[in-house]
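Student: Here you go, sequence then predicted model.
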Amino acid sequence: MYANGIVNSWASSIKFRNPMTMANFYSDDAILLATYSNLLNGKDEILDYFISFLNKEGLECKITEIYTVQIGNSFAYSGLYNFSFYDGGQLKIVKARFTYVIKNNQIVMHHSSEQLNKI
């Protein structure tokens, strides 16, 4: 199953590197456990995170797998995505996994963690 418009829009909006655009995907009391950050609670903390995160040259996000579960009037989306950006002129690709919980067309919870190589 494919992501709804919010998850797709979130991923495609990364390349525009606009912190306010990214923060507006989240509810006022959302929780974000980002790949390289402590737990962020509320839209203000999430906005601060995106101010720093979006500073990467050529940053893009591509969803590679996604699965959906409906929970009452909310939806949970889990899967894999790749972030690509330039660091010192070198293209870097970070493979990560995610879970979003969407309620009332806003992200209320988002977890992202780097996908490690299998042992």
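Tutor: It's in. Note that the coordinates shown come from a computational prediction; the quantities given were computed from them, not determined experimentally.

Student: What residues are bridge-paired with Ile107?
Tutor: Under DSSP bridges, the beta-bridge partners of Ile107 are Tyr26, Ile102.

Student: how many other residues sit next to it?
Tutor: Other residues near Ile107 come to 23 when the count uses other C-beta atoms under 10 Å. The C-beta positions use only the backbone N, C-alpha and C, and glycine is treated the same way.

Student: Please enumerate the helices of this structure.
Tutor: 5-13, 19-23, 43-53 (DSSP state H).

Student: Ok, which of those comes nearest Ala30?
Tutor: helix 43-53 (6.3 Å; C-beta to C-beta).

Student: mind saving the C-alpha coords of the closest one as PDB?
Tutor: Provided in PDB are the C-alpha atoms of helix 43-53 (Å, rounded to 0.1, in the frame of the first residue of the first chain):
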ATOM      1  CA  LYS A  43       5.800  22.000  17.000                       C
ATOM      2  CA  ASP A  44       8.300  24.600  18.400                       C
ATOM      3  CA  GLU A  45      11.000  22.000  19.100                       C
ATOM      4  CA  ILE A  46      10.300  20.300  15.800                       C
ATOM      5  CA  LEU A  47      10.700  23.600  14.000                       C
ATOM      6  CA  ASP A  48      14.100  24.200  15.700                       C
ATOM      7  CA  TYR A  49      15.100  20.700  14.600                       C
ATOM      8  CA  PHE A  50      14.300  21.300  11.000                       C
ATOM      9  CA  ILE A  51      16.200  24.600  11.000                       C
ATOM     10  CA  SER A  52      19.300  22.600  11.700                       C
ATOM     11  CA  PHE A  53      18.500  19.400   9.700                       C
END
